[in-house]
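> This is a predicted model, with the sequence first.
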Amino acid sequence: MEQGGVLFDTAPLLNGPATARSIIFVTPDGKRSMNTYLGASVEFSPADVSRETVEAGGILYLEGYLFDKDAAKAAFVHAAEIAHAAGRRVSLTLSDSFCVDRHRDSFRQLVRTQVDILFSNEEELLSLYETRDFDAAIEQLRADTGLAAVTRGEKGSVVIGDGDPIEVPAEPVSQVVDTTGAGDQYAAGFLFGVARGLPLATCARLGHIAAAEVISHYGPRPEVSLSDLAKTAGIDA
């Protein structure tokens, strides 16, 4: 993580579960199935939240996979309260429809009260609002949060902000090899744009550019410069 330019000074856990890991099976059509052991990450609690780190960032990013135990839920709220007190924004990714199924009421409460920017794919959104009507789910989401991006695979994404929802097409890909990491890369590109005050449609396009790169090869990390790809697409990011 440090080699990737990420601040990572967390001390190793000396007792308890081992490091989390995930075995991912990828089928010829690029779809992935994850066999995940969350390990030590499920022990996350308010005591693990670094006030200094949260206050120093412009946007706090919360990962829905960690939203499992009561201590972790308390940590999410604690971190969000620190961020808001410091004038920062809070983003959340729902991560997986199974996570939403298990904690739907808690997620909806968190979205309504603490989240400024929500990331979700279509299935997670439908699960959150217990409907199969995408448009109805979008309307409920608009009532709950000010900014959201909902990915729909090859259909692109729908962005909710001020005004009417914005539909942004996906970036073309010659071959989908492995969809692992597509949602995370979309969120990374989108937040990159938000942090720089770019128009929401541009933020979504940056997300699609990042996602298109990562699904074109095996593995969840980009293999080329996303900044160069954005410039090639005519976006000065």
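It's in.
> the helices in this structure, which residues?
All helices of the chain, identified by DSSP state H, fall at 51-56, 70-85, 97-113, 122-128, 134-144, 182-195, 200-214, 226-232.
> The longest one to helix 134-144, inter-axis angle?
Spelled out, that is helix 97-113. On the basis of axes from the mean of the first three to the mean of the last three C-alpha atoms, to 10 degrees, helix 97-113 is oriented at 40 degrees to helix 134-144.
> Check which helices and strands helix 97-113 sits against.
helix 70-85, helix 122-128, helix 134-144 (3 or more C-beta pairs under 8 Å, 6 or more residues apart in numbering; DSSP states H and E). Placement of C-beta: from N, CA and C, glycine included.
> can you tell which of those is closest to residue 215?
When the helices and strands packed on helix 97-113 are compared by C-beta to C-beta, helix 122-128 sits nearest residue 215, at 16.3 Å.
> List the contacts of the closest residue to residue 31 other than its chain neighbours.
Ranked by C-beta to C-beta, 6 or more residues apart in numbering and with sequence neighbours excluded, the top spatial neighbour of residue 31 is residue 179, at 6.1 Å. Residue 179 makes contact with 30-32, 215, according to C-beta atoms under 8 Å, 6 or more residues apart in numbering.
> So which of the helices of the chain is the most surrounded?
Most buried of the helices of the chain by mean neighbour count (mean count of other C-beta atoms under 10 Å) is helix 200-214; its value is a mean of 24.
> any weak-confidence spans in this protein?
237 (pLDDT under 70).
> Once you drop chain neighbours, what's closest to the residue most central in space within the chain?
Taking C-alpha atoms, centre = their mean, the centroid of the chain lies closest to residue 93, which sits 3.7 Å from it. Setting aside the residues directly before and after it, residue 93 is nearest to residue 119 in space (C-beta to C-beta, 6+ apart), at 4.1 Å.
> my read: residue 39 touches residue 65, true?
No: with contact defined as C-beta atoms under 8 Å, residue 39 does not count as touching residue 65 (11.4 Å).
> More neighbours: those two, which one.
residue 65 (19 against 15; other C-beta atoms under 10 Å).
> Which residue is the nearest non-sequential neighbour of the more buried one?
Beyond its immediate neighbours in the sequence, the residue positioned closest to residue 65 (C-beta to C-beta, 6+ apart) is residue 95, lying 4.6 Å away.
> Ok, residue 121 next?
If you skip the residues right next to it in sequence, residue 121 has residue 151 as its closest partner in space, 4.8 Å away by C-beta to C-beta, 6+ apart.
> What residues does the one you found make contact with?
Going by C-beta under 8 Å, 6+ apart, residue 151 touches 119-122, 157, 182-183, 186, 207, 211.
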